[in-house]
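[1] sharing a model prediction with you, sequence too.
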Amino acid sequence: MVVPMIHNWLCRDDLWRLVAQISKVNANAASPAARALEAGKVDQLLDSPAALEVVLGHGGPPAPLPLTLLWYVPIRAILRRWEVTDIDLADFTATLAVLFSNANLSARIADGEHGLLVWANSIEAMPRKTVGRAERAAECGALALWWAGCFPNAVAQRGGRGAIRAYVAFAANVLALAAHLIEGRSPETSEFYSRVAGHAAAVRAALNEARRDYLGANATSPDARVGRYLDRIGENPDGWLSVA
């Protein structure tokens, strides 16, 4: 099942790379960032304005950091603006982006081209009241949010007016179904999926806002980082991003 994984993927070297980049951009923020990491206050570091500034590249190209941080830091900030401070929810949202961007899941992602009916039928094909059905529902809900958040133009073109809302509503419903099916077997995961279902619109919005920086081939390469910077300041008329 798709669950929050960014915290598990982050290593201490990644976080020290973030601190090192902060020191290059904002000398005053370097010591507080280092102290936070040394004290194990990782969330304090990730939520700091200095970390967001470095990741977004305000004043220059975004920092050369792993995709885990490049997605996670902005998504945390975006969700806070939505008054969503659930760290696990932010982790889950960023996990969708990193998992479906990096993993070899082209076949599953391609299902999005056929709309919600394929996903609904795939859930119905699973035996009722089983963990397998819950897993399928959770995966389809995650994919629906990924598509609606990261490829809204494609969803709207294929599904017409209201398609984005339909994808978000579908995701909320099937994630709630997954929560119900595993309630007795895995109460913590069940409760978490209920929270995701309740905040499906915020998850989609966070993905949609963050997507332009980190989708596309070689997203963390120097050329891509410079391209994103030029795109922001209007000096890259062709744009580096090939997906809508």
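    Thanks, I have it.

[2] what separates the host helix or strand of Ile78 from the chain centre, distance-wise?
    Using DSSP states H and E, Ile78 sits in helix 67-81. Its chain's C-alpha centre and that of helix 67-81 lie 8 Å apart, by C-alpha atoms, centre = their mean, to the nearest Å.

[3] in that helix, what's buried?
    67-79 (16 or more other C-beta atoms under 10 Å). For glycine as for every other residue, the C-beta is placed from the backbone atoms N, C-alpha and C.

[4] need the residues you listed in a markdown table with distance to Leu99, can you?
    A markdown table is the format used below for the buried residues of helix 67-81 (distance: C-beta to C-beta, whole Å):
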| residue | distance to Leu99 |
| --- | --- |
| Leu67 | 10 |
| Thr68 | 10 |
| Leu69 | 15 |
| Leu70 | 14 |
| Trp71 | 10 |
| Tyr72 | 12 |
| Val73 | 17 |
| Pro74 | 17 |
| Ile75 | 13 |
| Arg76 | 17 |
| Ala77 | 20 |
| Ile78 | 18 |
| Leu79 | 18 |
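
[5] tell me the one of those residues nearest Arg17?
    Nearest to Arg17, judged by C-beta to C-beta, of the buried residues of helix 67-81 is Leu69 at 8.0 Å.

[6] still on that earlier bit, will you turn the buried residues of helix 67-81 into CSV that also has pLDDT and distance to Ala171?
    Shown next, in CSV, are these (pLDDT from 0 to 100; distance: C-beta to C-beta, whole Å):
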residue, pLDDT, distance to Ala171
Leu67, 85, 22
Thr68, 91, 23
Leu69, 92, 25
Leu70, 89, 23
Trp71, 91, 18
Tyr72, 95, 20
Val73, 95, 24
Pro74, 93, 21
Ile75, 95, 16
Arg76, 96, 20
Ala77, 95, 22
Ile78, 94, 18
Leu79, 96, 16
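
[7] name the nearest of these relative to Leu37.
    Leu69 (12.7 Å).

[8] can you pull the contacts of that closest one?
    Leu10, Asp14, Leu18, Leu46, Val55 (C-beta atoms under 8 Å, 6 or more residues apart in numbering).

[9] of the residues you listed, buried ones?
    So, by 16+ other C-beta under 10 Å, the buried ones in the contacts of Leu69 are Leu10, Leu18, Leu46, Val55.

[10] which SSE is immediately downstream of the lowest-mean-pLDDT helix or strand in the chain?
    Least confident helix or strand of the chain, by mean pLDDT, DSSP states H and E, is helix 106-110 with a mean of 45. Later in the chain than helix 106-110, the nearest helix or strand by DSSP H and E is helix 116-124.

[11] so what does that next one touch, helix or strand wise?
    In terms of contacts (3 or more C-beta pairs under 8 Å, 6 or more residues apart in numbering; DSSP states H and E), helix 116-124 is packed against helix 131-150, helix 163-181.

[12] as JSON lines, the contacts of Leu69 with pLDDT and distance to Ile182 would be great.
    Converted to JSON lines, those look like this (pLDDT from 0 to 100; distance: C-beta to C-beta, whole Å):
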{"residue": "Leu10", "pLDDT": "92", "distance to Ile182": "26"}
{"residue": "Asp14", "pLDDT": "95", "distance to Ile182": "31"}
{"residue": "Leu18", "pLDDT": "95", "distance to Ile182": "35"}
{"residue": "Leu46", "pLDDT": "96", "distance to Ile182": "29"}
{"residue": "Val55", "pLDDT": "87", "distance to Ile182": "34"}
